[in-house]
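# 3D, please:
(chains A and B)
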Amino acid sequence: MIYREAGQFKTSYQADNQIFPIRQDRLALTATLLAAVFLLPYFATPYILSAIMIPFLIFALAALGLNILTGYAGQLSLGTAAFMAVGAFASYNFMARLPGLPLLVSFILGGLCAAMVGIAFGLPSLRIRGFYLAASTLATQFFVVWCLTKIPYLTNYSSSGVITVQKMTILGYQFDTPQSKYILVLAIVAVMALLAKNMIRSNVGRSWMAVRDMDMAAEVIGFRLMRTKLLAFAVSSFYCGVAGALYAYAYLGTVEPEAYNLDLSFRILFMIIIGGVGSILGSFLGAAFIVLLPVFLNIVAHGLSLPTSVASNLELMVFGALIIFFLIVEPHGLARLWQIAKEKLRLWPFPH
Amino acid sequence: MKHIKSLMLATAIASAALTIAGSAQAQAKEQYIALPSYRVGPYAAGGSGFYGGIIDYFNLVNQAGGVNGVKISWEECETEYNPSRGVECYERLKTKQGGATLVETLSTGVAYGILDRVAQDKIPMTMIGYGRSDAANGKVFPYVYPLISSYWSQAAAMIKYLGDKDGGMDKLKGKKIVHLYHDSAFGKEPLPVLEALSKQYGFELIKIPVAPPGSEQQSQWLQIRQAKPDHVILWGWGVMNSVAIKTAQRNGFPRDKMLGVWWAGSEEDTIPSGDAAKGYTAMSFNTPGNYPVLDDIRKKLYASGKGNLADQARIGSVYHMRGVTAGILWVEAIRVAQEKFGKGKPITGEQMRWGLENLNVDDARQKAVGALGMFPTVKTSCDDHEGSGAVKVQQWDGKKWTAITPKWIVGDKALVRKLVEESSAKYAEEKKITPACMK
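So this is what the prediction gives:
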């Protein structure tokens, strides 16, 4: 009844091409964004902001990057954490070696470095696909971490290979409270998510999807495979690189290369699988699921005052079981569940 | 399917309600300590023993009435040794029960992640036997305490021990020492000390990295066999250690020429290696053996089922004893701080910092808590957050560890101090900190 598009007429191409064609969706998104910008920083505790919301947004951005590559362009990748590492360490080095460089510019440069590495390691995708490509992107993962531990220049000759990032300052304002860090991360993630959504709807996104669905056919109808695939790698790595820089600057503060290990790549892969492959919203839902669920289970186990040794193992078991359960009930992820809910709402209360 | 769904929903709601009810109980007059621990994952053996030891000692102290009547309370949170989850745990724990007054992560990654935060939140963090060695300089790191011995002190002591073993430091000239290390921040930490000492005494330092987690070391040991070194320093962690010991046996390298870092010197490393570990030596900042405090833990806690370890045989094991040691040092810090700021009252984080900075756990104090000789005497100051730097070497005889150096070994302290000064000055410059002692 509430969620119905009756009476909403589209009289121009612009109106028909909106990201959210239904007014209720637009209102809901605006309300969410307004609450995220104006309510959360004032009412949420520093714990919620700095330990839940910031990592959630950062992982959502990384998942978005992987979703562009795997979900839309169909190129399996296991190197997400490596691209994040490139972004983080490149931003750090730009800041350290070019004093006075604006923070956002260094994030963008970090993202561009990640994009270049992405293109280089995306080259095999021109010849191989599927699981074989996943194995070759695995090489990125090992190569990048190996480089970061081997070349002292990249970690600014710190004796243990751990970098301590610079303070975040934009136009003289220092981002050092949980609130300000959260707002900065939120702004960057929101802008990049909007860009991604529009990219997917443009001819670039369509070419990616054509390649994903059948690259031979896409080539026959005139898409240039090399350009399309490498562009997907570049854009995806750029997103991951910025996410990595944010992870270092806005969340951890100090990073060692080992923080960007294969485990993190897998976690981001799980995020898009659970959230929904090939969906912008899915990246956010998946990140929320993977970041929040262990925390929630941990708090629950604590509330039940289980012995910690039991609680820790139980948490892993429940987490694993829930993932399997979800994937059996809805193999297309949480985004698909949301879509089904919306379709049902449109017919409610008179389903056919 | 429908029933399962509703059942799960009901459980979720019920548990959420329980959580809220549970956290509503306020606790007063307690000294609250945050323990972001790990009991699952690849390093669970170390975490469960270490945190088990800490909690056993806390329970013992609380049973005897606490510190001047102030009971110790704590809360654990599972980090899985993962920096990201560790930061979340720290943020969650720090505000509980009126605010944490001490934190210990037992993880280089997590500790580095919260290094800046602890100074901001004024919550002292101990890094007992790991972490930034340059944090020994309290003028730059007022809230960080690498108590007892840092990696640099340990590396210096290792070379001292190897020199003594060969019959004097001058005998090291021309010898070959392999540094077989976990290729991470942890494994690279001692390099500045080892390199400086290699220049000073003229031994050849061969650095061989092992990619984490280190379950494959054939090529490394082939390299070692070709180099024919006089000593191998095994700077490993977790599964890497037992693999190294077993591969050494397969390659016919004598185990008594291997000297492990203290994270490569526990029962969890040697027992899985079986016979191969016989004669293997490793560093330790505890003297293996039995102590009155361990007897107390057995008698007063485990006999009535209040012990924290699932397996009683692990009481007094390397990790458990390390945990008990941490507990003793913290309780002593609380005691010292209470003497200055008022007995019988919980202290704040800032006062805890003062307590940790003015520790003096000498033989008499150790005897009073039933741990005489269990760890070196610790005396801290603003200049020296480490407080000791002394270590022992222990050897595995196939069944248990025994200390083979009767006295505590201290390496080249002047050199370590010089490196601490240089490195902490660099950090202070990066972070724009003006080094100064806190009152």
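
# pretty sure residue A:2 sits against residue A:25.
No - counting by CB atoms under 8 Å, residue A:25 is not a contact partner of residue A:2; they are 11.9 Å apart. The C-beta positions use only the backbone N, C-alpha and C, and glycine is treated the same way.

# those two: which is more packed in?
In this comparison of residue A:2 against residue A:25, neighbours counted by other CB atoms under 10 Å in any protein chain shown, the higher total goes to residue A:25 at 15 against 6.

# quick one: the more buried one from chain B, how far?
Distance, residue A:25 to chain B, by CB to the nearest CB, to the nearest Å: 26 Å.

# how about the one residue in the stretch 51-200 of chain B that gets nearest to chain A: what's its closest non-neighbour residue?
Residue nearest to chain A within the stretch 51-200 of chain B (CB to the nearest CB): residue B:91, separated by 3.5 Å. The spatially closest residue to residue B:91, leaving aside those adjacent along the chain, is residue A:51, at 3.5 Å (CB to CB, 6 or more residues apart in numbering or on different chains).

# who's in contact with the one you found?
By CB atoms under 8 Å, 6 or more residues apart in numbering or on different chains, the contact set of residue A:51 is B:87, B:88, B:90, B:91, B:92.

# and residue A:147, that one's in a strand?
No - using DSSP: H, G, I helix; E, B strand; the rest coil, the assignment for residue A:147 is helix, not a strand.

# my read: it touches residue A:154, true?
Yes - taking CB under 8 Å as the definition, residue A:147 is a contact partner of residue A:154 at 6.8 Å.

# contact residues of the stretch 1-150 of chain A facing chain B?
A:45, A:46, A:47, A:50, A:51, A:52, A:55, A:142, A:146, A:149 (CB under 8 Å from any CB of the partner chain).

# check these for the minimum pLDDT and say which it is.
pLDDT across these is lowest for residue A:149, at 83.

# show me the contacts for it.
Applying CB under 8 Å, 6+ apart to residue A:149 gives the contacts A:161, A:257, B:183, B:184, B:188, B:209.

# can you list contacts of stretch A:209-216?
So stretch A:209-216 is in contact with A:72-74, A:129, A:217-218, A:221, A:223, A:225, A:228-229, A:232, A:278, going by CB under 8 Å, 6+ apart.

# can you flag the buried ones in the contacts of residue A:149?
In the contacts of residue A:149, burial by neighbour count holds for A:161, A:257, B:183, B:184, B:188, B:209, counting by 16 or more other CB atoms under 10 Å in any protein chain shown.

# pLDDT and secondary structure added to those, as TSV?
Output for the buried ones among the contacts of residue A:149, formatted as TSV (pLDDT from 0 to 100; DSSP: H, G, I helix; E, B strand; the rest coil):
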residue	pLDDT	secondary structure
A:161	77	coil
A:257	86	helix
B:183	84	coil
B:184	80	coil
B:188	86	helix
B:209	90	strand
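
# of those residues, closest to residue B:294?
Residue B:294 has its nearest neighbour among these in residue B:184, at 32.7 Å by CB to CB.

# what is the burial count for the closest residue to that closest one other than its chain neighbours?
Excluding the flanking residues, the one nearest residue B:184 by CB to CB, 6+ apart is residue A:258, at 4.8 Å. By other CB under 10 Å, the residues close to residue A:258 number 23.

# hang on, residue A:258 in a helix?
Yes - read with three-state DSSP, residue A:258 is one of the residues of a helix.

# looking at it, it is touching residue B:109, isn't it?
Yes - Residue A:258 sits in contact with residue B:109 when judged by CB under 8 Å, with a separation of 6.8 Å.

# intersection of neighbour lists for those two?
Common neighbours of residue A:258 and residue B:109 (criterion: CB under 8 Å, 6+ apart): residue B:185.

# could you dump the contacts of residue A:149 into JSON lines with distance to residue A:314 added?
Compiled in JSON lines, the contacts of residue A:149 are given as follows (distance: CB to CB, whole Å):
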{"residue": "A:161", "distance to residue A:314": "35"}
{"residue": "A:257", "distance to residue A:314": "32"}
{"residue": "B:183", "distance to residue A:314": "33"}
{"residue": "B:184", "distance to residue A:314": "30"}
{"residue": "B:188", "distance to residue A:314": "36"}
{"residue": "B:209", "distance to residue A:314": "37"}
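
# ok, those residues vs residue A:199, which is closest?
residue A:257 (30.2 Å).

# wait, isn't the closest one in contact with residue A:148?
Yes - counting by CB under 8 Å, residue A:257 does reach residue A:148; the two are 3.7 Å apart.

# joint contacts of the two?
By CB under 8 Å, 6+ apart, residue A:257 and residue A:148 have these common neighbours: A:85, A:89, A:155, A:161.

# how close does residue B:110 get to residue B:34?
Separation of residue B:110 from residue B:34 (CB to CB, to the nearest Å): 12 Å.

# for the two, list the residues in contact with both.
Shared contacts of residue B:110 and residue B:34 (CB under 8 Å, 6+ apart): residue B:90.

# hey, what's residue B:210 bridged with?
Judged by DSSP bridges, the bridge partners of residue B:210 are residue B:182.

# all the helices of the stretch 51-200 of chain B, residue numbers only.
Secondary structure of the stretch 51-200 of chain B (DSSP state H, counting those that start in this stretch): helices at B:83-94, B:108-121, B:151-165, B:185-188, B:191-201.

# so what touches the longest one?
Judged by CB under 8 Å, 6+ apart, the contacts made with helix B:151-165 from elsewhere in the structure are B:129-130, B:133, B:149, B:169, B:171-172, B:177, B:189-190, B:192-194, B:197, B:201, B:231, B:233, B:259, B:261-262, B:283, B:386, B:389-391, B:393, B:405, B:409-413, B:415-416, B:419-420.

# and chain A, which of those contact it?
Restricting these to those near chain A by CB under 8 Å from any CB leaves B:189, B:192.

# what's the distance between the one residue in the stretch 101-250 of chain A that gets nearest to chain B and residue B:186?
With CB to the nearest CB, the shortest gap between the stretch 101-250 of chain A and chain B falls at residue A:160, namely 4.1 Å. Remark: distance between residue A:160 and residue B:186 (CB to CB) = 8 Å.
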